[in-house]
Each structure stands twice: as structure tokens, then as C-alpha cells.
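**Student:** Fold the stuff below for me.
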Amino acid sequence: MKAIEINNAEMVALQIENEIKSSPQGRYFHRLHLILLLARGIKCTEVAKLFGEPLRNVQRWAKEFNELGLEALKDSSRPGRPNRLTAQQLGELRSDIEKGPQQFGFTQGFWDGPLLSHHIQLKYSVSISVRQCQRFFHCFGYSLMRPQPVTAGSSSEAREDFKKTSTNKRRFVG
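**Tutor:** Take a look at the predicted model:
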């Protein structure tokens, strides 16, 4: 019988690992599988190697499972700073970004971190740093695009001549 192979095995493994790590339920079931293998008599070192987990994690989960049962395998609350914007406000913000800054009376033609921070301050009276606003763009699926500078008063032929990749380069001195 021919062995079954997974196409792009490394890529598939990374996708599955990311899927497991992305949700509390995935992490819980992952730990359940680890404990199940330990219960079947497989050693901690083998389980850790098989699942790509640090040995110390497997040992800690096994110890906590023995002390507290299934509850020990569930994610505990993760402390952190609470969001300054509610889920509803983030939804509105995403909609605002899609509309463009001109709809809100700004003269700038595109959103950037400082403008979004200013917009949030005006709309919600909440101070958000420019860097956090850039993270919002990333979370909403936007990427940084900068306009290409154009030299004022130059012709397209002169710009083409000046490009680094142009075949007919001329040196400009002075």
C-alpha cells in the first residue's frame, strides 16, 4: 500500500499550528491531545518532540492536570490593558477609513497614523497614539502605501532619463 503524503507538508504544518494557536479552544484541544498521549504511556520527551512543544510546557501541563484536572488545560484570563475603543467604535472606525478622510472634512487625501489619531480624538474624545493607529490599519487589512514623488516642472522624458534603472543614464552635476 502506498504511503499517503500531504502536499506542501511544511506549509500545512505551519497553517495548522497557527490555527491551533489562534483560538483558546484550539489551544485547549492541543493540550488535551498532549495529555492523552501521556496517558497512553508515551514519555514527555517524545510528546514534546512530536508536537513541537518545549519539554517544560508538557511537564507543566501534565503536573497541573494531575492537580486540577481538565480545568488546568484551559486558558486562564490574559491580563492586559483594556481597549480604549469598544468593538462598536472599532467597527465605525473601519467604516470611516473606507470612506476616506475628505468625507470628514480633512484636506489630506489618504489616511495615515497621525490623521487617524486626530480623527479618533475628535470623534470619540479618546487619545490613541500614532503607532496604535498604524496597528489598527494592519488589523483592518490595510498596508502602507506612499505616493511616489514627482519632480515639479519636469517632463516624463527627463524623469525617465533620471531613473536608476533607465538604460540611457545621464549624470547631473550641481
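
**Student:** how about the helix ranked longest in the chain: buried residues?
**Tutor:** Longest helix of the chain, by residue count under DSSP state H: helix 24-39. Of the residues in helix 24-39, 30-31, 34-35, 37-38 count as buried by neighbour count, 16 or more other Cβ atoms under 10 Å. No exception for glycine: its C-beta is placed from N, CA and C like everyone else's.

**Student:** What residues of stretch 45-58 count as buried?
**Tutor:** Buried residues in stretch 45-58, counted by 16+ other Cβ under 10 Å: 47-48, 51, 53, 58.

**Student:** Next: stretch 67-74.
**Tutor:** 72-73.

**Student:** which outside residues touch that stretch?
**Tutor:** When contacts are defined by Cβ atoms under 8 Å, 6 or more residues apart in numbering, stretch 67-74 is touched by residues 24, 28, 31-32, 35, 61, 64-65.

**Student:** and if you look at stretch 34-42?
**Tutor:** Taking Cβ under 8 Å, 6+ apart as the rule, stretch 34-42 contacts 44, 46-47, 50-51, 53, 58, 61-62, 65, 73.

**Student:** just checking, which of the residues you listed belong to helices?
**Tutor:** Counting by DSSP H, the part of those found in helices is 44, 46-47, 50-51, 58, 61-62, 65.

**Student:** With pLDDT and distance to His118 as added columns, please give these in JSON lines.
**Tutor:** Listed next are the ones in helices among the contacts of stretch 34-42 as JSON lines, based on pLDDT from 0 to 100; distance: Cβ to Cβ, whole Å:
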{"residue": "Cys44", "pLDDT": "94", "distance to His118": "54"}
{"residue": "Glu46", "pLDDT": "96", "distance to His118": "56"}
{"residue": "Val47", "pLDDT": "95", "distance to His118": "52"}
{"residue": "Leu50", "pLDDT": "91", "distance to His118": "52"}
{"residue": "Phe51", "pLDDT": "89", "distance to His118": "47"}
{"residue": "Val58", "pLDDT": "95", "distance to His118": "49"}
{"residue": "Trp61", "pLDDT": "94", "distance to His118": "47"}
{"residue": "Ala62", "pLDDT": "95", "distance to His118": "52"}
{"residue": "Phe65", "pLDDT": "94", "distance to His118": "51"}
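
**Student:** which residue is nearest the centroid of this structure?
**Tutor:** Nearest residue to the geometric centre of the chain (Cα atoms, centre = their mean): Cys139, 6.5 Å.
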